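S.K.: Just need the structure, nothing else, for what follows:
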Amino acid sequence: MAGTGSAPGDRGAPDLLARVEAGGLIAPPRSLVALLSGGRDSVCMLDLAVRARGPAAVVAIHVDYGLRPGSHDDADFCVSLCERLGVELALERPVRPETPGNLQAWARDVRYAAAARLAEARDATIVTGHTADDQVETILYRLASSPSRRALLGMKERDGRLARPLLGTARAEVTAYDEERGLTWREDATNAEERYARNRVRHGLLPELEAIHPAAVANVLRTASLLRDEAEILDALVAAELDGSGDASRGRISHARFAELSPALRRLVLQRLADAAAGRPVPGAARFADQVAGLTRGGSRLDLGDGVRAVLEGGVLRAEREG
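M.R.: Take a look at the predicted model:
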C-alpha cells in the first residue's frame, strides 16, 4: 500500500537537509549505502542522501524477503524510485530458512549483512532512516526485554560504518518532508499487527505514556542522551582497568584485580570482556560478575551465556567463545 505526498515544496525540506548535513554523518569522502525498505523513513533518508551528495555517491539496497503479500510490489516501488532519483539499486532476494526461529531477527541480520558487504567493497557508510520515534520504541522494548544498562542507551548515531542521520528527527517531521518533496512511500501492513512486540510498544505503550505526561517521549530521549554521555565516562574507567591491570587488546585482566573492583565496575569489565570475545553484545553477561570473582582455581570456566565463557588460567581472567 502506497502513501502519497502533496506537490513538491520547500517549507521544511531545506531545514531538514541542512540539519542532516551539519550532523556530519553523511559527509565525504565515503560514499553512502542507503538501506531502502520503501517506507517513509527510508525514502526520506535516500532523498536526503542524494540531495546532499549527488546520485553517483549513493547506492540503495533493498531486501525482498518474500515473507508477506506485497513484498514484490515493495521491490518494484524501490526500483522505480531509484530510477527516478538516478541511484543504483542493489536488490537482494534471500532464501527463507526452513528451520524454526525468529524471522524478524533473521531478516534484520540478512539486511545488515548485505549492506555491510556492499559498504565494505565500496568503503562506504551505511545510512538508515531510524527516527527519534524508533529510538524511543527501541529503548522501551529493550528495557522490558534486556537485563542491562545498554537497554537505556538506545541506538547510536554512529556505530562503525553504520550511521543514523535522522535519529534526532521525529517521524512526523519525516512525513512532512516526504509530502513537501512530493515523495511517495509504501506502507507495511504488518506494522499494525499486535503480534509483534515492537508494534505493541508503538501503538499501545507509547500512547499510554503520553497520556500520563505529554512530554513522555521527549523525557525518554533526554534521559537516554544523558546516560550515553555518562556511559562514555564509565567506558573510560573500564578501559583504564584493562589497560592498567591486563591486556586490553587481548581481553585479559588479573583475576586478583578483578575481584578487588567495586561490584558495578566489575560488572562493566566482565561485560566488556564477553562482548569483545563474542564480537557482539552478550546480553546479561554482567550478572555473572560475582561468580567470576569467586573462581578459585586455575583452569576454571564459567558459562556467561550466548556461547561465551569466562576462563581463569594462571591468575589471569579472560573470556572466550565456546568451541
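
S.K.: Helices of the protein, start to end?
M.R.: 13-23, 40-53, 71-85, 103-122, 132-145, 150-153, 171-180, 197-200, 206-212, 216-245, 255-260, 263-278, 289-293 (DSSP state H).

S.K.: which stretch among those comes nearest residue 321?
M.R.: Each of those has some distance to residue 321 by CB to CB; the shortest is helix 263-278, at 5.7 Å. Quick note: C-beta positions are derived from backbone N, CA and C, even for glycine.

S.K.: ok, the closest residue to residue 210 other than its chain neighbours - contacts?
M.R.: Among residues not flanking residue 210 along the chain, residue 216 sits closest, at 5.0 Å (CB to CB, 6 or more residues apart in numbering). Shown in contact with residue 216 (CB atoms under 8 Å, 6 or more residues apart in numbering): 206, 209, 210.

S.K.: Does the last one touch residue 219 like I think?
M.R.: So the one you mean is residue 210. No: look at residue 210 against residue 219 with CB atoms under 8 Å: they stay out of range, at 10.4 Å.

S.K.: re earlier: and the buried ones among the contacts of residue 216, selectable in ChimeraX?
M.R.: In ChimeraX, this line selects whichever of those come out buried by 16 or more other CB atoms under 10 Å:
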select :206,209
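
S.K.: Take the contacts of residue 216 and lay them out in JSON lines including distance to residue 301.
M.R.: Output for the contacts of residue 216, formatted as JSON lines (distance: CB to CB, whole Å):
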{"residue": "206", "distance to residue 301": "43"}
{"residue": "209", "distance to residue 301": "43"}
{"residue": "210", "distance to residue 301": "48"}
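
S.K.: Name the nearest of the contacts of residue 216 relative to residue 322.
M.R.: Distance to residue 322 across the contacts of residue 216 (CB to CB) is lowest for residue 206, with 38.9 Å.

S.K.: Just confirm that closest one contacts residue 136, I think it does.
M.R.: Yes: applying CB under 8 Å, one finds residue 206 in contact with residue 136, separated by 6.9 Å.

S.K.: anything in contact with each of those two?
M.R.: What both residue 206 and residue 136 touch, as defined by CB under 8 Å, 6+ apart, is the set residue 217.

S.K.: Point out the most buried one among the helices of the chain.
M.R.: helix 40-53 (a mean of 23; mean count of other CB atoms under 10 Å).

S.K.: Does that helix pack against any helices or strands, and if so which?
M.R.: helix 13-23, strand 32-35, strand 58-63, helix 71-85, helix 171-180 (3 or more CB pairs under 8 Å, 6 or more residues apart in numbering; DSSP states H and E).

S.K.: relative orientation of the first one and helix 171-180 in degrees?
M.R.: Helix 13-23 and helix 171-180 are oriented at 120 degrees to each other (axes from the mean of the first three to the mean of the last three CA atoms, to 10 degrees).

S.K.: What is helix 13-23 packed up against?
M.R.: helix 40-53, helix 171-180.

S.K.: Out of the helices of the chain, which gets nearest to residue 188?
M.R.: helix 71-85 (7.8 Å).

S.K.: low pLDDT regions in the protein?
M.R.: Counting by pLDDT under 70, the chain shows low-confidence ranges at 1-14, 100-101, 147, 189-192, 244-250, 298.

S.K.: Against residue 227, how distant is the residue nearest to residue 210?
M.R.: Counting by CB to CB, to the nearest Å, the gap from residue 216 to residue 227 is 17 Å.

S.K.: for residue 213, same thing?
M.R.: 19 Å.

S.K.: ok, now residue 77?
M.R.: Residue 77 is 38 Å from residue 227, by CB to CB.

S.K.: Might one say that residue 48 is in contact with residue 15?
M.R.: No: look at residue 48 against residue 15 with CB under 8 Å: they stay out of range, at 11.5 Å.

S.K.: In space, what's closest to residue 202 - neighbours in sequence excluded?
M.R.: Nearest non-adjacent residue to residue 202 (CB to CB, 6+ apart): residue 137, at 5.5 Å.

S.K.: residue contacts, the one you found?
M.R.: Residue 137 makes contact with 198, 201, 202, 206, according to CB under 8 Å, 6+ apart.

S.K.: Just name the closest of the residues you listed to residue 184, please.
M.R.: residue 202 (22.2 Å).

S.K.: State the number of residues packed around the closest one.
M.R.: 20 (other CB atoms under 10 Å).

S.K.: quick one: contacts of stretch 88-107?
M.R.: Outside stretch 88-107, the residues within contact range by CB under 8 Å, 6+ apart are 36, 58-67, 75, 78-79, 82, 110, 114, 118, 196.
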